[in-house]
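Student: Sequence first, then the predicted structure:
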Amino acid sequence: MAKLMNVLFVFFGEFKNKLLVEIGTLFFKIDLHSSDTFLLGKKFSSNGVTFLRLKKSSRIQIGDHLKLNNGEMFNSIGRQSRCIITVRQGAELIIGNNVGISSSAIFCSKRIVIGNNVKIGGNVCIYDTDFHALDYLSRRSRPQDILETLSKEVHIGNDVFIGAHSTILKGVTVGDRAIIGACSVITKNVLQDEIWAGNPAKCIRRNSLQNASLQ
């Protein structure tokens, strides 16, 4: 009897997970229609429901095989939440092929480009804006605060691995095959094949394994 119960629990657990994937994927596709211009590649899946917030004049382009993991059901490394993707008015988000994102936040107010074969770990944040003006007097007035808020494009190259709980800030370019260590805050450009870590992050070393594989 106990063995039968275990089999039933496994069966219903797998059924529940598949159902959540179907629901999450469907909701994502519906929410895409909030954008004026969107392109969704083949074999997309959202494990759980992604919080997708798109303004009417926003643009979003997604390549093939994007996989999103949302919350504790599909991300077990801690600080679980849904993926939160925001593309503001007139902004553009481009995501390449074979990208995996777990419980992360992407806030695009101008332009964010994510390359192919990128892995973005749990609780990562990618921002292309300061959100508020740097001058304290300007922050007292909401219209002035908005007017003086700085935004700069973010570019993440191909085959980049961004470790859990890291933050990528405005104006940053992360080169191909770079690795960002867990809990890092990236405020400067990262060259290809470099490994960065820390807060603020700095280059630890070149990735010799990557270089060797290219020879």
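Tutor: Structure's in. What do you need?

Student: for the protein, what are the low-confidence residue spans?
Tutor: For the chain, the stretches with pLDDT under 70 are 1-17, 73-74, 76, 78-80, 208-215.

Student: repeat that with 90
Tutor: Where the chain drops to pLDDT under 90, the residues are 1-51, 55-57, 70-82, 205-215.

Student: Could you report the distance from residue 188 to residue 66?
Tutor: Distance of residue 188 to residue 66, given as Cβ to Cβ, to the nearest Å: 28 Å. (Glycine included, C-beta is placed from N, CA and C.)

Student: Looking at these two, which one has more neighbours?
Tutor: residue 66 (22 against 13; other Cβ atoms under 10 Å).

Student: how close does that one sit to residue 40?
Tutor: Counting by Cβ to Cβ - residue 66 and residue 40 are separated by 8 Å.

Student: What of residue 205?
Tutor: For residue 205, the distance to residue 40 - Cβ to Cβ - is 38 Å.

Student: Those two: who's more crowded?
Tutor: Counted by other Cβ under 10 Å, residue 205 and residue 40 do not tie: residue 40 has more neighbours, with 15 against 10.

Student: correct me, but the more buried one touches residue 29?
Tutor: Yes. Counting by Cβ atoms under 8 Å, residue 40 touches residue 29, with 6.9 Å between them.

Student: in the sheet, who's paired with residue 114?
Tutor: Beta bridges link residue 114 to residue 95, residue 156 when assigned by DSSP bridges.

Student: neighbours around it, how many?
Tutor: Neighbour count for residue 114, taken as other Cβ under 10 Å: 25.

Student: what sits against the closest residue to residue 135 other than its chain neighbours?
Tutor: In this structure, residue 135 finds its nearest non-sequential neighbour in residue 148, 6.5 Å apart by Cβ to Cβ, 6 or more residues apart in numbering. For residue 148, the contact set (Cβ atoms under 8 Å, 6 or more residues apart in numbering) comprises 133-135, 138.

Student: Emit the PyMOL select command for whichever of those are buried.
Tutor: Here is the PyMOL command that selects the buried residues among these (16 or more other Cβ atoms under 10 Å):
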select buried, resi 133+138
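
Student: Run through the helices of this structure in chain order.
Tutor: Counting by DSSP state H, the chain has helices at residues 2-32, 136-139, 142-148, 208-214.

Student: What is the second one packed up against?
Tutor: Put plainly, it is helix 136-139. When contacts are defined as 3 or more Cβ pairs under 8 Å, 6 or more residues apart in numbering; DSSP states H and E, helix 136-139 sits against helix 142-148.

Student: residues of the helix it packs on that come out buried?
Tutor: Judged by neighbour count using 16+ other Cβ under 10 Å, the buried positions of helix 142-148 are 145, 148.

Student: let's number from 6 now, not from 1
Tutor: All right, first residue 6 from here; so that's helix 147-153.

Student: Send over it as CSV, restricted to the C-alpha atoms.
Tutor: The C-alpha coordinates for helix 147-153 follow below in CSV (Å, rounded to 0.1, in the frame of the first residue of the first chain):
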residue,chain,number,x,y,z
ARG,A,147,8.6,63.3,-9.2
PRO,A,148,8.6,64.9,-12.7
GLN,A,149,12.1,66.2,-12.2
ASP,A,150,13.2,62.9,-10.8
ILE,A,151,12.0,61.1,-13.9
LEU,A,152,13.5,63.7,-16.2
GLU,A,153,17.0,63.4,-14.7
